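# sequence plus the predicted model coming up.
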Amino acid sequence: MAFCADEIEWTIVGEKYVKGKEAIRRWMESMEMEPPKFTVDTVIAEGDFVAAHGRMTMKDKDGKTAPYAYCDIYRIRSDKIIELISFITKTKTEN
């Protein structure tokens, strides 16, 4: 959260939109789950944007660890993240 601007906007495409650092913090605390484990495969930067894509594992609604693929697009202003767009999909395997 230290890298986020107070007015950050986070969109998890097809799932959730949250605006503001404090709202994101409250939402994350309310989920009562352990943080996902990430592998970053590629990072691309151009101007004010950085995109990262890779794999992650996290527990699903049944408490079972499941594999996912993700792509996050960050927009940066004055060394702070002002927007994050996340594309996440469950996969059949970790690769």
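Ah, there it is.
# going by C-alpha atoms from here, please, whenever you check contacts or count neighbours.
OK.
# need the helices for this structure, in chain order.
In order along the chain, the chain carries the following helices (DSSP state H): 21-30.
# work out which residue lies at the spatial centre of it.
Centroid-nearest residue in the chain: residue 86, 5.2 Å away (criterion: Cα atoms, centre = their mean).
# show the contacting residues for it.
Neighbour list for residue 86: 10-13, 70-73 [criterion: Cα atoms under 8 Å, 6 or more residues apart in numbering].
# residue 81 too?
Residue 81 touches 3-5, 8, 74-75, counting by Cα under 8 Å, 6+ apart.
# which residues of the chain score low on pLDDT?
60, 94-95 (pLDDT under 70).
# quick one on the thing from earlier: make JSON lines out of the contacts of residue 81 and add neighbour count and distance to residue 53.
Below are the contacts of residue 81 laid out as JSON lines (neighbours: other Cα atoms under 10 Å; distance: Cα to Cα, whole Å):
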{"residue": "3", "neighbour count": "10", "distance to residue 53": "19"}
{"residue": "4", "neighbour count": "18", "distance to residue 53": "19"}
{"residue": "5", "neighbour count": "18", "distance to residue 53": "22"}
{"residue": "8", "neighbour count": "21", "distance to residue 53": "20"}
{"residue": "74", "neighbour count": "19", "distance to residue 53": "11"}
{"residue": "75", "neighbour count": "20", "distance to residue 53": "15"}
